[in-house]
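*Asks:* Structure for this input, please:
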Amino acid sequence: MFATNHLGHFQFTKYLLPVILKTPNNPRIVLLSSFAQWRAPATGIDFESIKQKKDGFTAMILYGQSKLANILFATEINARYGDHLTINSVHPGIVASELIRPAPYSFAWFLIKTLPSSVLGNLLFKSTPLTTEKGAYASLYAATSKEIDEKGIKGKYIIPFGVVSDDHHPLAFDLDLAKKLWDFSEEAVTQY
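*Replies:* Down below sits the predicted model:
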């Protein structure tokens, strides 16, 4: 999960950085995070749990850790290259997508098949899930809105619909942890 949600983005962005940094007119990078970053451990990134399975680390904790890594990655890019580009991380909202596919005939499958999405969303998330179209709004705002440049929104966490949010993991903008993650990620992808 960490490799897909963070290391792949890290490597892809790293390959594109030389071109991005030569691009005029304040190029932008948008990293997709999630409110699930709150599920990351209190220590932020537990590097040992990335290397090997660790007791007590559920799929949700590991997912949260990978989404916190997206914010930390944006934090480090902003620290290194913020004078040359704009980077922000985004939570798209709770989106009614096919991302979660429960096992057939499980309790979760039953709920999804029998309850309207608005009822299910209210039960699980205290809100109605967004359509996939509306789920793209926060990312599109971060990528295209003139307000980003006008208000100097850089290295921030944006939630629907174009709101700069302070509602994030307490270590989301920790510069030491962001650098440690960058170094860890560099080492992890060196063979690629």
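*Asks:* residues contacting the residue nearest to the spatial centre of the chain?
*Replies:* Taking C-alpha atoms, centre = their mean, the centroid of the chain lies closest to Ser33, which sits 1.3 Å from it. When the contact criterion is C-beta atoms under 8 Å, 6 or more residues apart in numbering, the partners of Ser33 are Lys67, Leu68, Asn70, Ile71, Ala74, Ser89, Val90, His91, Tyr157. Every residue, glycine included, has its C-beta placed from N, CA and C.
*Asks:* Just the buried residues of whichever helix or strand the second one is part of, please?
*Replies:* Just to be clear, that refers to Leu68. For Leu68, the host element (DSSP states H and E) is helix 59-81. For helix 59-81, a neighbour-count test (16 or more other C-beta atoms under 10 Å) marks 61-78, 81 as buried.
*Asks:* And it, what does it pack against?
*Replies:* Where contact means 3 or more C-beta pairs under 8 Å, 6 or more residues apart in numbering; DSSP states H and E, helix 59-81 is packed against helix 2, helix 8-22, strand 28-32, helix 47-51, strand 86-90, helix 175-189.
*Asks:* Go through those and pick out the most buried.
*Replies:* strand 86-90 (a mean of 26; mean count of other C-beta atoms under 10 Å).
*Asks:* just how off-centre is that one within its chain?
*Replies:* 10 Å (C-alpha atoms, centre = their mean, to the nearest Å).
*Asks:* Can you list the low-confidence ranges for the protein?
*Replies:* 98-127 (pLDDT under 70).
*Asks:* Repeat the analysis, applying 50 as the threshold.
*Replies:* For the chain, the stretches with pLDDT under 50 are 122-123.
*Asks:* ok so, going back, what is the most widely separated pair among the contacts of Ser33?
*Replies:* Farthest pair in the contacts of Ser33 (C-beta to C-beta) is Leu68 and Val90. Separation: 13.7 Å.
*Asks:* hang on, the earlier thing: okay, the angle between the helix holding Leu68 and helix 8-22?
*Replies:* Using axes from the mean of the first three to the mean of the last three C-alpha atoms, to 10 degrees, the direction of helix 59-81 lies 20 degrees away from that of helix 8-22.
*Asks:* Okay, angle between helix 59-81 and helix 175-189 too, please.
*Replies:* Put simply, helix 59-81 runs at 100 degrees to helix 175-189, going by the same axes, to 10 degrees.
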